[in-house]
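In: sequence-free structure coming up:
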């Protein structure tokens, strides 16, 4: 009894010390400058205000203090361990001297971007779900890539399908809204896009059994949380062609169509562009959709930002049978050629790694270019119709085919970057194949409806390097390979192109690298604590340029690590951010 | 009816225990109790960090449950995958015997009963061991079930594929594929379990 009392006194003392320590180290960012619509449309070069830096999703910074000549001198400024284990896909943001760092399980930290001191932390309280909902539980620990900045607020989308508005100054909740029912399987895995006082967000979890019939891109009023519009990616009553593309399958037996990469926005036409994922179940034999193209899966959607009305769609992979999602970053590029301005949308939208160029005002197909080894697309007609290899469609339960790329890509969430400096698109990719065979599965709550058996990821025949950084010369009529940087380990981070002529990114072997945009030569590399991950970004404070490199546990490392067994992955997650700058003169 | 169910719970729980201890029934199976027993520490030191000690995840996909078993299809499906790709820090490097024992442990955790014939790496043998059939006795018979029963599940009936319950080429006959009743709890329950009881009134 006495010991018990003593213990609680000790505990209380420790808690008080912790609290007073916290009050000193944490707190409030005074006089935080609001992020305005004008800033979102034209971000200051010194800052990184959103997922890919700008609303065209280019992932490019004009900063050039760190360049081909100086990059060799980079020194560590500070490092920070992230607040949570799990898969690391963090996109740090910087505004007004504050780095906002968001990790999976909906934790946000505000750090002094110059010193690495913690200002505040927000941990979202999540509801408990039954242990048997293992897919859904795993979802909360995976692919959580960004938050958004709006005025003096942080917009957080959570694994339990809420939008939470935080005060940027102190991390306190201003309001929160339950957007969809997480008990059905809905969850946010990506951050929103902010357009003219609207939060445009897309839900994930649409391959979880309970979500049948609806997967949504939505707009909410950023001040009130009121829903303004929603677009269902697998059930569009306004388009008979969309309905017919699922054959006899009614909406209540349709899954998938998850838009799990944040969309782009073109103010010129007030249009927002989103990529859509695969259909569920994965195989048409189980899905019941026959030879239907199952719209709008694996498509690009152009939506009116005010109304959510569909302006056009383009399907990059019809009739998917292999979980080769095509939701990845859509990048908006303007190129003036002979006095004429071309408004392009470029992307490697899907896991099969094929690059596409579209006219973003009409959705017209312009070109495509293969990158990694793939065997599912046999060609694209001049009118843009994508032809698939029907020999790879299973006609019986258990019938197996070797599919390239694999379900892990190819291309995955790691975003490419377009450099207006060199008119080059840099894309991190993985060479991989796997077997796919349909299974007949009884769906259970909280779990996915894929209903296929995947084999292990293996290298394509004749290939020994899993990793590929592909540089594509882009113009309105074609994409040409400018250079390829191949390496044994897989690429595990997004890439960042800069005005210094560099591309930053990294791999499963824990190397962060800076490549020369023109030649692909590695001009700088450092070996860190874990696979390079998330979204490398750059910013500038008081005339000094910083480069932030996230590291940590990566599915793009673990899924294909058997291809490079001589480079063992760490078993600790190590989720961290490393910030570099040049030495002071 | 209630009485009979109770009897079933007990026998399911007992046979799992006995199975793991090494005296399982000599029926179907595909692995021996010794293999499952040897697989437990191997699983716990090489897999549990990400896949969970109750095979629940969450840092990697869960390995327990009916749909997981249906998706891996056969012991061969699971073995072919993990013996190449797992664990990520030492992919395919644990040795054939270790992978076989881990498959046996995952099967037994999912309710499959051991038998007299050991599992081997013979591809035909592995392909013939059906995970959904062997584990049909139950996700119910797993140690995670008590926690499960304690947590009220908000929604357990979910929509099925458009083709569910239909005969597909290569698929099981509709009767076998038809939805089954929810799994039963695996441990003995209070005498009043399942009966309406008066609520607390204030």
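Out: Here it is on my side, so go on. All of these numbers come straight from a predicted model, not from anything done at the bench.

In: okay, residue A:572: pLDDT?
Out: pLDDT, residue A:572: 85.

In: ditto for the one 3 residues further on
Out: We have a pLDDT of 95 for residue A:575.

In: same deal with the one 5 residues further on?
Out: Turning to residue A:580, the model gives it a pLDDT of 98.

In: in the strand or helix carrying it, which residues are buried?
Out: Assigned by DSSP states H and E, residue A:580 belongs to strand A:576-581. For strand A:576-581, the neighbour count (16 or more other Cβ atoms under 10 Å in any protein chain shown) marks A:576, A:577, A:578, A:579, A:580, A:581 as buried. Placement of C-beta: from N, CA and C, glycine included.

In: now stretch A:94-114: mean pLDDT?
Out: Per-residue scores along stretch A:94-114 average to 95.

In: and if you look at stretch B:48-60?
Out: Per-residue scores along stretch B:48-60 average to 91.

In: that stretch near chain A at all?
Out: Yes - using Cβ under 8 Å from any Cβ of the partner chain, stretch B:48-60 reaches chain A at B:49, B:54, B:56, B:57, B:58, B:59, B:60.

In: give me the contacts around that stretch.
Out: A:85-87, A:131-132, A:134, A:137-138, A:140-141, A:553, A:571, A:573, B:44, B:61-64, B:87, B:106, B:109-110, B:142-144, B:147 (Cβ atoms under 8 Å, 6 or more residues apart in numbering or on different chains).

In: mind giving me the ChimeraX command for buried ones among those?
Out: This is how ChimeraX selects the buried members of these, with burial counted by 16+ other Cβ under 10 Å:
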select /A:85,86,87,131,132,134,137,138,140,141,553,573 /B:61,62,63,64,87,106,109,110,142,144
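
In: sort out for me which of the contacts of stretch B:48-60 are in helices.
Out: Of these, the ones assigned to helices by DSSP state H are A:134, A:137, A:138, A:140, B:44, B:106, B:109, B:147.

In: residue in the stretch 101-250 of chain A nearest to chain B?
Out: residue A:134 (2.4 Å; Cβ to the nearest Cβ).

In: is it correct that that residue is in contact with residue B:64?
Out: Yes - at 7.0 Å, residue A:134 counts as touching residue B:64 under the criterion of Cβ atoms under 8 Å.

In: what number of residues lie near residue 90?
Out: Defaulting to chain A. A count of neighbours around residue A:90, defined by other Cβ atoms under 10 Å in any protein chain shown, yields 26.

In: chain B, not that one
Out: Around residue B:90 there are 15 residues (other Cβ under 10 Å).

In: on that earlier part again, got the contact list for the residue of the stretch 101-250 of chain A closest to chain B?
Out: Residue A:134 is in contact with A:446, A:447, B:56, B:57, B:58, B:61, B:62, B:63, B:64, B:65, B:68, counting by Cβ under 8 Å, 6+ apart.

In: any idea how far apart the tips of stretch B:50-57 sit?
Out: One end of stretch B:50-57 sits 6 Å from the other (Cα to Cα, to the nearest Å).

In: ok, and the closest non-adjacent residue to residue A:202?
Out: residue A:259 (3.8 Å; Cβ to Cβ, 6 or more residues apart in numbering or on different chains).

In: how about the residues of the stretch 51-200 of chain A near chain B?
Out: Going by Cβ under 8 Å from any Cβ, the residues of the stretch 51-200 of chain A near chain B are A:85-87, A:128, A:130-132, A:134-135, A:137-138, A:140-141, A:183-184.

In: please, where are all the helices along the stretch 151-300 of chain A?
Out: Using DSSP state H, counting those that start in this stretch, the helices of the stretch 151-300 of chain A run over residues A:240-244, A:284-287.

In: so, in contact with chain B or not, the longest one?
Out: Pointing back at helix A:240-244 there. No - using Cβ under 8 Å from any Cβ, we find that helix A:240-244 stays clear of chain B, coming within 14.2 Å at best.

In: which residues does that helix contact?
Out: A:235, A:236, A:237, A:292, A:295, A:296.

In: burial check on residue A:207, number of neighbours?
Out: Residue A:207: 26 neighbours (other Cβ under 10 Å).

In: just to check, it is in contact with residue A:280?
Out: Yes - using Cβ under 8 Å, residue A:207 is in contact with residue A:280, at 4.4 Å.

In: list the residues that contact both of the two?
Out: Here residue A:207 and residue A:280 share the contacting residues A:255, A:256, A:448, A:449, A:450, scored by Cβ under 8 Å, 6+ apart.

In: list just the nearest of those residues to residue A:124.
Out: Nearest to residue A:124, judged by Cβ to Cβ, of those is residue A:448 at 23.3 Å.
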